[in-house]
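Asker: whatever this is, show me its structure:
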Amino acid sequence: MLTLTTHTLEKMELLLKTAGYKVRYEKGNFKTGACLLQNSKIIVINRFSNLESKVLALAELLRELEIDHAVLDDKQIAFLQQLKQTKLEL
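Answerer: Next up, the predicted model:
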């Protein structure tokens, strides 16, 4: 089960940063709370989204991205595998 806390959000941000992605919080009217800019490693999150939306949006992106496990440490790999096995429900 994925906990919807600030700590979980920070863990996901660190995992993405380690994998070479840049996470930015900007104004936006996109509905999912986050978007991956095409052909780049920049993820934009709607800064006005609530914590739950931010965590779920990043979790959804992490489930879809192909991240090289060689750049991650053991805890990050375990966390990523846990995310990929978790079914997200809104």
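
Asker: so who does the nearest residue to Glu13 once chain neighbours are set aside touch?
Answerer: Closest residue to Glu13 apart from its sequence neighbours, by Cβ to Cβ, 6 or more residues apart in numbering: Val23 at 5.1 Å. All C-beta spots, glycine's among them, are computed from the backbone N, C-alpha and C. Counting by Cβ atoms under 8 Å, 6 or more residues apart in numbering, Val23 touches 13, 16-17, 43, 45, 58.

Asker: one more: Met12?
Answerer: Met12 neighbours (Cβ under 8 Å, 6+ apart): 55, 58-59, 62, 83.

Asker: if we go to 6 Å?
Answerer: When contacts are counted by Cβ atoms under 6 Å, 6 or more residues apart in numbering, Met12 touches Leu58.

Asker: per-residue confidence for it?
Answerer: Looking at Met12, its pLDDT stands at 93.

Asker: wasn't it part of a helix?
Answerer: Yes: counting by DSSP: H, G, I helix; E, B strand; the rest coil, Met12 is located in a helix.

Asker: tell me the spacing between Lys75 and Phe48.
Answerer: Separation of Lys75 from Phe48 (Cβ to Cβ, to the nearest Å): 31 Å.

Asker: sorry, slip of the keys, the one I care about is Thr8.
Answerer: According to Cβ to Cβ, Thr8 stands 19 Å off from Phe48.

Asker: and for Lys27?
Answerer: Going from Lys27 to Phe48 by Cβ to Cβ gives 7 Å.
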